[in-house]
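A.B. asks: what shape does this take:
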Amino acid sequence: MLRSSMAIRRALLAAPGALGVSLVARPLRREYWTLSAWTDRAALDAFVGDPHHRETMRRLGPAMARSRFVFWCPPASAGAPTWTQAHEHLAAPTD
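C.D. replies: Just a heads-up that it's a prediction; the model follows:
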């Protein structure tokens with residue numbers, strides 16, 4: 001999982017529209033958290049649709065069964081998203 005996460009991170013950093021990514025890996029706990037920023041949703045969707053990313057996610061699917069994904073669009077003046085903000089969005093009630 002860690003090797004795959006690092007490969008995806010490298011690909012993400014080279015992807016058009018990617019502004020940055022942060023990875024928190026706790027392999028002994030089998031926890032992997034990513035926080036990424038994109039110029040727009042279309043750039044993110046293009047990366048997610050890339051064959052390499054799709055194949056990696058297919059392989060890791062069983063290990064990621066409990067994954068949650070949260071999207072939000074902070075104003076540009078807010079700067080880079082933080083882990084604190086990400087955890088706030090994860091904790092917020094969903095519809």
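
A.B. asks: where does this protein dip in pLDDT?
C.D. replies: By pLDDT under 70, the low-scoring segments of the chain are 1-2, 95.

A.B. asks: now with 90, please.
C.D. replies: Within the chain, the stretches with pLDDT under 90 are 1-13, 20-34, 50-82, 86-87, 89-95.

A.B. asks: quick one: residue 92 from residue 31, how far?
C.D. replies: To residue 31, residue 92 is 20 Å away according to CB to CB, to the nearest Å. Glycine gets a C-beta too; all of them are placed from N, C-alpha and C.

A.B. asks: tell me which element residue 86 falls in.
C.D. replies: Here residue 86, judged by DSSP states H and E, is contained in helix 83-91.

A.B. asks: excluding chain neighbours, what is closest to residue 16?
C.D. replies: The shortest distance from residue 16 to any non-neighbouring residue, by CB to CB, 6 or more residues apart in numbering, is to residue 43 (6.1 Å).

A.B. asks: and the one you found, what is it in contact with?
C.D. replies: Contacts for residue 43 were tallied using CB atoms under 8 Å, 6 or more residues apart in numbering; they are 15-18.

A.B. asks: hmm, which two among those are most spread apart?
C.D. replies: Pairwise distances across the contacts of residue 43 (CB to CB) peak at 7.3 Å, for the pair 16 and 18.

A.B. asks: so between these two, which is more surrounded?
C.D. replies: Taking other CB atoms under 10 Å, residue 16 and residue 18 do not tie; residue 18 has more neighbours (17 against 10).

A.B. asks: that one is in contact with residue 46, isn't it?
C.D. replies: No: applying CB atoms under 8 Å as the test, residue 18 and residue 46 come out as separate, 10.0 Å apart.

A.B. asks: if I look at the closest residue to residue 48 other than its chain neighbours, how far off is residue 60?
C.D. replies: Using CB to CB, 6+ apart and skipping residues adjacent in sequence, the residue nearest residue 48 is residue 54, 7.7 Å away. Between residue 54 and residue 60 the distance is 11 Å, computed by CB to CB.
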